[in-house]
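S.K.: here is the input, now give the coordinates:
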Amino acid sequence: MGNVKDVHHTNELEQLNNEVIQKAKLVKEASVSLQSKTTQQKNQALQAISEQLLIDQAYILSENEKDIQEAKETNISASMLDRLTLNAERIQAMGDQIEIVVSLPDPVGDQLEQFKKENGLVISKRRVPLGALGMIYEARPNVTIDAAALSLKTSNAVLLRGSASAKFSNRALVASIHQALQRVYFTENAVLLIEDTSRESVKELFHLTEYLDLLIPRGGKNLIDLVVNEATVPVIQTGAGNCHIYVDARAQYEMVVPIILNAKTQRPSVCNSIENLLLHQDFFNEYGKEILEALAEANVGIYGDEKVCEVFPKAILATEEHYAEEFSDLLIGIKVVDTADEAIAHINQFGTQHSESIISEDATNVEQFFNEVDAAVVYHNASTRFTDGFEFGFGAEIGISTQKLHVRGPMGFLH
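M.R.: I've put the predicted structure just below:
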């Protein structure tokens, strides 16, 4: 019996190996063929995908419902269920984002600079596609469309590997993409999905340097750390979102609560929502109780320091683990600080270099915050929820890069 199990296990690995490697080869080949596609041809393909999503809406939603029902059986949190859920409005939003990508200029071939040396040599720098991309992502099926649209516009091919929680949705969306590409005589292999959602299929991608030019992980800290630490294929690090708002002593109270509630409660499951709130002692003395009550009324659970717990007994005493956690839920850590220096130090210790915001009318403190906070995006008197490809005018995003090599912040076009 042991030998039989060993044979079965070997066959399973061979099947996995075949799917991942075969599709990686096809994506690599497609990336080469995309080099000859004109802007008009690429836009035509994107337009077809946008239209096909609406044509296939009923089927996509029925497949998404299968994922939702499976997720509910695992007692998934409400915020994570929201990430997974598609509806008519969100499918329309996917189409709208593609339309924006269509309207944007094609960056491929753009000449960034040119200069002539004394010996007559003319040197020119131009934008070129990255090539064959591997996209590893969790839960959110809209990433399937974002990745496909941005890759095609920039003449890149993409190999998608979504999570088991969205397997039916992702298959339906890729089927819709393929249907659209067929209609405009565009290679389907430009967008392929690995249907095996085992952990082994992820690890198989890590070392396909022969076929993949770049890996992009989108998901929680554990997934991102796994890819960054183990992959030999180059990785764009799209970090987890432990984002903060610091309310300075000289903040306008009228804008404080609306910004905080937007940043925490609009969609708590996404990476650009805040997980921690820092309140200057002077501001806390005057308005702290009102802010805490506003959060509680919005059903936000509060982890606070001793000062917060003293004013608001329903709060739970926070630990360093709370301040470091990405809750992705209606939970928040709150700390009272004495200075902007203390707030900045806290953010640089616990933040994930994603998005940070200061609410203040003190120009000196705002400038210090901008200069000293280590984050991809820094805001003044605004919600961190603006860190988004659509909000930045990119139409969609491939991820939000928290590293400093290649790009930083919401990543739109890939070149």
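S.K.: tell me the pLDDT of the residue of the chain most remote from its centre.
M.R.: Most distant from the centre of the chain: Asn119, at 46.7 Å, with distances by Cα atoms, centre = their mean. Looking at Asn119, its pLDDT reads 93.
S.K.: please begin residue numbering at 15 from this point
M.R.: I'll keep to 15 as the first residue from here, and by that count the last item is Asn133.
S.K.: what is the three-state secondary structure of it?
M.R.: The three-state label for Asn133, taken from DSSP: H, G, I helix; E, B strand; the rest coil, comes out as coil.
S.K.: from Glu127, how far out is it?
M.R.: 18 Å (Cβ to Cβ, to the nearest Å). Backbone N, C-alpha and C define where each C-beta goes, glycine included.
S.K.: pretty sure His360 is touching Asp352, no?
M.R.: No. His360 lies out of contact with Asp352 (Cβ atoms under 8 Å); the separation is 11.3 Å.
S.K.: give me the more crowded residue out of those two.
M.R.: Comparing His360 with Asp352 by other Cβ atoms under 10 Å, the one with more neighbours is His360, at 17 against 11.
S.K.: now do the domain split for the protein, please.
M.R.: 26-249, 257-402 (automatic domain parsing).
S.K.: CSV for those domains, including distance to Ile414?
M.R.: Formatted as CSV, those follow (distance: least, Cβ to Cβ, whole Å):
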stretch, distance to Ile414
domain 26-249, 8
domain 257-402, 6
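S.K.: quick one, which of the ones you listed gets closest to Phe408.
M.R.: Nearest to Phe408, of all the domains of the chain, is domain 26-249, at 7.5 Å by Cβ to Cβ.
S.K.: that closest one: how far from the chain's middle?
M.R.: How far domain 26-249 lies from its chain's middle: 13 Å, per Cα atoms, centre = their mean, to the nearest Å.
S.K.: and Glu224, how many neighbours?
M.R.: For Glu224, the neighbour count with other Cβ under 10 Å is 11.
S.K.: just the pLDDT for it.
M.R.: Looking at Glu224, the pLDDT reads 95.
S.K.: got a list of what it touches?
M.R.: By Cβ atoms under 8 Å, 6 or more residues apart in numbering, the residues touching Glu224 are Lys42.
S.K.: check Gln55 too.
M.R.: When contacts are counted by Cβ under 8 Å, 6+ apart, Gln55 touches Val198, Phe200.
S.K.: helix, strand or coil for it?
M.R.: Under three-state DSSP, Gln55 comes out as helix.
S.K.: look up how far Val116 lies from it.
M.R.: In this view, Gln55 and Val116 are 12 Å apart by Cβ to Cβ.
S.K.: residue ranges for the strands of the stretch 65-214 of the chain, please.
M.R.: Applying DSSP state E, counting those that start in this stretch to the stretch 65-214 of the chain gives strands spanning 125-130, 136-140, 146-151, 171-175, 205-207.
S.K.: which residues does the third one contact?
M.R.: In this case it means strand 146-151. If you take Cβ under 8 Å, 6+ apart as the criterion, strand 146-151 is touched by 38, 41-42, 44-45, 157, 161, 165, 170-177, 216, 219, 222, 225-233, 237, 241, 247, 412, 428.
S.K.: equivalent analysis for the last one, please.
M.R.: Counting by Cβ under 8 Å, 6+ apart, strand 205-207 makes contact with 37, 40-41, 158, 162, 165-166, 171-176, 184-185, 188, 191-192, 195, all of which sit outside it.
S.K.: and if you look at the first one?
M.R.: The set of residues external to strand 125-130 that reach it, using Cβ under 8 Å, 6+ apart, is Val136, Ile137, Ser138, Lys139, Arg140, Arg141.
S.K.: what about the fifth one, neighbour count?
M.R.: So that's Arg140. Arg140, neighbours per other Cβ under 10 Å, totals 13.
S.K.: can you check the second one too?
M.R.: Using other Cβ under 10 Å, Ile137 is surrounded by 9 other residues.
S.K.: also the first one?
M.R.: The burial count assigned to Val136 is 8, neighbours taken as other Cβ under 10 Å.
S.K.: same check, this time on the last one
M.R.: As a burial measure, the neighbour count of Arg141 was computed by other Cβ under 10 Å and equals 14.
S.K.: how about it, phi and psi?
M.R.: phi -80, psi 130 (degrees, to the nearest 10).
S.K.: for it, list the residues it contacts.
M.R.: Residues near Arg141 by Cβ under 8 Å, 6+ apart: Pro121, Val122, Gly123, Asp124, Leu126, His429.
S.K.: mark which of these are part of helices, please.
M.R.: Among the contacts of Arg141, none falls in helices (DSSP state H).
S.K.: farthest pair in the residues you listed?
M.R.: Greatest spatial distance in those: Val122 and Leu126, 12.2 Å, computed using Cβ to Cβ.
S.K.: so between these two, which is more surrounded?
M.R.: Val122 (21 against 9).
S.K.: what sits against the residue nearest to the more buried one when sequence neighbours are not counted?
M.R.: Once flanking residues are discounted, Val122 sits nearest to Ser169: 5.2 Å by Cβ to Cβ, 6 or more residues apart in numbering. Taking Cβ under 8 Å, 6+ apart, we find Ser169 in contact with Ser45, Leu48, Gln49, Lys51, Lys56, Val122, Pro143.
S.K.: okay, now stretch 170-189: how far is its last residue from its first?
M.R.: One end of stretch 170-189 sits 19 Å from the other (Cα to Cα, to the nearest Å).
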